[in-house]
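*Asks:* Show me how the following folds:
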Amino acid sequence: MHADGVALIVPPGWTLITGGPQIGIALLAGALRPKGIPVSMVDWNIELAGLFGASISEDQARAACAHPVLESLNQPYFQAQQALDAPLSGSSASWDLQLGYSDRQFDHRSASAVFAALQERSALDGPLQTLAAELLNEGHPRVIGLSVTVPGQILPALYAARALRATGFEGRIVLGGNLVTRLGQAMALPWLFDWVDALAIWQGELSLPLLWEKADRRDWQDIPNLIWHDGHELRVNHSRQLEPAEFTLPDFQGLPLDRYWGSRFLTSIGSRGCYYGKCSFCSIPYSWGKGGFLGNDSVGNILQQLTNGVSQFHVNRYKFIEEALHPSLLSAVSTSLQQSDFAVEFEGYARFDRPWMEAGNVRSFARAGLKKVYLGMELARTRTRNILNKSDTADFEDMLSALHDEGIKSHVFCMFGYPGTGVDDAVETIDFALRHEHLIDSLDIFPFYYATHTSVLGIRAVPHQDTEWSVEQSYEPLGEDVLSMNEVAVLVEELEGYLWKVKPAWLHPVYRMVSPWAAV
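*Replies:* Now for the predicted structure:
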């Protein structure tokens, strides 16, 4: 690592059931390096798991999926989980391979609990200090950024900041990422700035270069998207989001690409946000700003992402991470790929939108290398589904059949308990899935949760003083036709338990580690 540069860190606590890196810090590197700012990147999530002896190789995952029954799928999963459990066995903390890090004693949703945790030693301290020493021995960064994507990373990220300080780092530490953006000023408590120097919300591509450039805090007031403490008071700077002309390519140089689990891929992005962005239950678009959609990237930039992965890292598998692949953009990219001699495989998220069913589209996408799509069905087309405001127009069976006929696998997301929907909607959805099981490769069931930054009719938020750092609000029903939080949890548990008995591969994370890329 070059001295006086920027170090970007993925803290522990994220899921480990992934074959590729988080795209956030790669996008930051892609914005910083062309400006002449030296950048190093480390993934302490995957590295710490490695220190604990936990991993699932591609060969292990493929062997488990050769005949994907519960026993074969569980074998590598629980072997890795046991390795991850051992170093934390004497503490109140746990790290689930799929769900991430949590602590029974210190709830990451509570600011006071997080503060209390930082007054105590953690089971992660020793390993994190080892990783911090390795990072600082390789160079002397001016700025270190920690990308917090999910709630399970809150405590480990702050433990990482503490380890960096304990190891002698005196530069700037910045917390950023999706979760920091969603929590915003709720996270900006005075004591937090004893451990970090600033919070970067929205797109760090706009704030980190200026933070690296401006060493004097007196010059920070003009840095966009920054929340910081000037020694006297909290400062919340002006916000600005990226324009499409400012989109940069992700740069993965320096990440341990050979150490991710299962079948390896690179993450990619064609659109910043969700082109629809109006589902009443969804808060994902909020983290992008400007109504949840900043725009599409150019076809040329998307193709360059794919060619860079092959030429630099010999990886030809990609996962597009935007909430929904834009059909017209995907069509243009697919046409360009077919006109070249460039062979890739890719997967991504999609809506049940009619443009997918236009003549030749699905076949073109398949020929370009599309292997799997992740579709937000939520509910079968029941009489109450329209209150979700999804406004998707393609027939579920027709689109699933069209994808299946062209060799494209489908994952279906289901969500039960949205206010105004009930047990009958959930049962009808499971019945639909099982009737069409030959068209569905994998499936998830989620309980409805009342996401911060959404507005949902039929319920009332119930504030809790000890969950101010939660992106999920507790709620109570406002009508007899609305299920309570407990009733929703029981409904999901029962239906998910049934699917574990009849279709375990649909739900099992090990199956998903290879299914987009293998004939399983």
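
*Asks:* Could I get the full set of strands for the stretch 201-350 of the chain?
*Replies:* For the stretch 201-350 of the chain, applying DSSP state E, counting those that start in this stretch gives strands covering 226-229, 234-236, 266-268, 271-273, 293-296, 317-320, 345-350.

*Asks:* Just name the most buried of those strands.
*Replies:* strand 266-268 (a mean of 25; mean count of other CB atoms under 10 Å). Where you see a C-beta, it was placed from the backbone N, CA and C, and this is true even at glycine.

*Asks:* Mean pLDDT and distance to S328 for the strands of the stretch 201-350 of the chain - can I get that in TSV?
*Replies:* Listed next are these as TSV, based on pLDDT from 0 to 100; distance: least, CB to CB, whole Å:
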stretch	mean pLDDT	distance to S328
strand 226-229	96	35
strand 234-236	96	38
strand 266-268	97	17
strand 271-273	94	11
strand 293-296	94	8
strand 317-320	98	15
strand 345-350	98	13
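
*Asks:* nearest to Y101, of those?
*Replies:* strand 266-268 (21.0 Å; CB to CB).

*Asks:* In a markdown table: the strands of the stretch 201-350 of the chain, plus distance to L199.
*Replies:* What follows is these, written out as a markdown table (distance: least, CB to CB, whole Å):
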| stretch | distance to L199 |
| --- | --- |
| strand 226-229 | 4 |
| strand 234-236 | 9 |
| strand 266-268 | 24 |
| strand 271-273 | 20 |
| strand 293-296 | 20 |
| strand 317-320 | 28 |
| strand 345-350 | 28 |
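
*Asks:* wait, which of the ones you listed is closest to S364?
*Replies:* Across these, S364 has its closest neighbour in strand 345-350 (13.3 Å, CB to CB).

*Asks:* rewinding a little: among the strands of the stretch 201-350 of the chain, which is nearest L337?
*Replies:* Between L337 and the strands of the stretch 201-350 of the chain, the shortest gap by CB to CB is with strand 345-350, which sits at 9.3 Å.

*Asks:* who does the closest one pair up with?
*Replies:* strand 317-320 (parallel), strand 370-378 (parallel) (DSSP bridges).

*Asks:* Kindly reformat these as JSON lines containing distance to Y498.
*Replies:* Formatted as JSON lines, the strands paired with strand 345-350 follow (distance: least, CB to CB, whole Å):
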{"stretch": "strand 317-320", "distance to Y498": "29"}
{"stretch": "strand 370-378", "distance to Y498": "18"}
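
*Asks:* right, and the strands of the stretch 201-350 of the chain - which one's nearest P209?
*Replies:* Nearest to P209, of the strands of the stretch 201-350 of the chain and by CB to CB, is strand 226-229 at 12.0 Å.

*Asks:* and the closest one, which strands flank it?
*Replies:* Paired strands of strand 226-229, with direction, are strand 198-200 (antiparallel), strand 234-236 (antiparallel) (DSSP bridges).

*Asks:* between these, which gets nearest to L136?
*Replies:* Comparison of these against L136 by CB to CB identifies strand 198-200 as nearest, at 19.9 Å.

*Asks:* Centre of the chain to the longest helix seen in the chain, how far?
*Replies:* Longest helix in the chain, counting residues (DSSP state H): helix 485-502. From the chain centre to the centre of helix 485-502 is a distance of 24 Å (CA atoms, centre = their mean, to the nearest Å).

*Asks:* Could you list the buried residues of that helix?
*Replies:* Using 16 or more other CB atoms under 10 Å as the test for burial, helix 485-502 gives M485, V488, L491, V492, L495, E496, L499.

*Asks:* again, but for stretch 43-62
*Replies:* 43-49, 52, 54-56, 58, 60-62.

*Asks:* repeat for stretch 309-318
*Replies:* Judged by neighbour count using 16+ other CB under 10 Å, the buried positions of stretch 309-318 are G309, V310, V315, N316, R317, Y318.

*Asks:* what does stretch 418-435 give?
*Replies:* Across stretch 418-435, burial judged by 16+ other CB under 10 Å covers 418-422, 425-430, 432-433.

*Asks:* could I have it exported to PDB, CA atoms only?
*Replies:* Coordinates of each C-alpha in stretch 418-435 appear next as PDB, following Å, rounded to 0.1, in the frame of the first residue of the first chain:
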ATOM      1  CA  TYR A 418     -48.000  -6.800   4.600                       C
ATOM      2  CA  PRO A 419     -50.800  -4.900   6.200                       C
ATOM      3  CA  GLY A 420     -54.100  -5.800   4.500                       C
ATOM      4  CA  THR A 421     -52.800  -9.200   3.300                       C
ATOM      5  CA  GLY A 422     -53.300 -12.300   5.400                       C
ATOM      6  CA  VAL A 423     -52.800 -16.000   5.800                       C
ATOM      7  CA  ASP A 424     -54.800 -16.900   2.700                       C
ATOM      8  CA  ASP A 425     -52.500 -14.700   0.500                       C
ATOM      9  CA  ALA A 426     -49.400 -16.500   1.900                       C
ATOM     10  CA  VAL A 427     -50.800 -20.000   1.500                       C
ATOM     11  CA  GLU A 428     -52.000 -19.200  -2.000                       C
ATOM     12  CA  THR A 429     -48.400 -17.900  -2.800                       C
ATOM     13  CA  ILE A 430     -46.800 -21.100  -1.600                       C
ATOM     14  CA  ASP A 431     -49.400 -23.200  -3.500                       C
ATOM     15  CA  PHE A 432     -48.500 -21.200  -6.700                       C
ATOM     16  CA  ALA A 433     -44.800 -21.800  -6.100                       C
ATOM     17  CA  LEU A 434     -45.200 -25.600  -5.600                       C
ATOM     18  CA  ARG A 435     -47.500 -25.900  -8.600                       C
END
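
*Asks:* Can you tell me the closest non-neighbouring residue to D230?
*Replies:* Once flanking residues are discounted, D230 sits nearest to R217: 6.2 Å by CB to CB, 6 or more residues apart in numbering.

*Asks:* what about that neighbour, distance to K409?
*Replies:* R217 sits 51 Å away from K409, going by CB to CB, to the nearest Å.

*Asks:* which one of these two has more residues nearby?
*Replies:* K409 (20 against 15; other CB atoms under 10 Å).

*Asks:* Tell me who's in contact with that one.
*Replies:* K371, K372, V373, L403, D441, S442, S515, P516 (CB atoms under 8 Å, 6 or more residues apart in numbering).

*Asks:* now, among these, which is nearest to A132?
*Replies:* Of all the contacts of K409, P516 has the smallest distance to A132: 35.1 Å, by CB to CB.

*Asks:* show me the contacts for L495.
*Replies:* Contact partners of L495, counting by CB under 8 Å, 6+ apart, are F416, A426, V427, I430, I445.

*Asks:* quick revisit: so for G292, which of the strands paired with strand 226-229 sits nearest?
*Replies:* Among the strands paired with strand 226-229, strand 198-200 comes nearest to G292, with 19.3 Å by CB to CB.

*Asks:* so how far is that closest one from its chain's centroid?
*Replies:* For strand 198-200, the distance to the chain centre is 19 Å (CA atoms, centre = their mean).

*Asks:* ok, residues contacting that strand?
*Replies:* With CB under 8 Å, 6+ apart as the test, strand 198-200 has contacts from 145, 172, 174-176, 180, 187-188, 207-208, 211, 220, 225-228.

*Asks:* 6 Å - rerun?
*Replies:* V174, L175, G176, V180, A188, S207, N225, L226, I227, W228 (CB atoms under 6 Å, 6 or more residues apart in numbering).

*Asks:* Pick out the most distant pair among those.
*Replies:* Longest span within the contacts of strand 198-200, CB to CB: A188 and S207, 14.6 Å.

*Asks:* any idea which helix or strand carries the nearest residue to S92 once chain neighbours are set aside?
*Replies:* Leaving aside its chain neighbours, S92 sits nearest to Q105 (3.9 Å; criterion: CB to CB, 6+ apart). Using DSSP states H and E, Q105 falls within no helix or strand.
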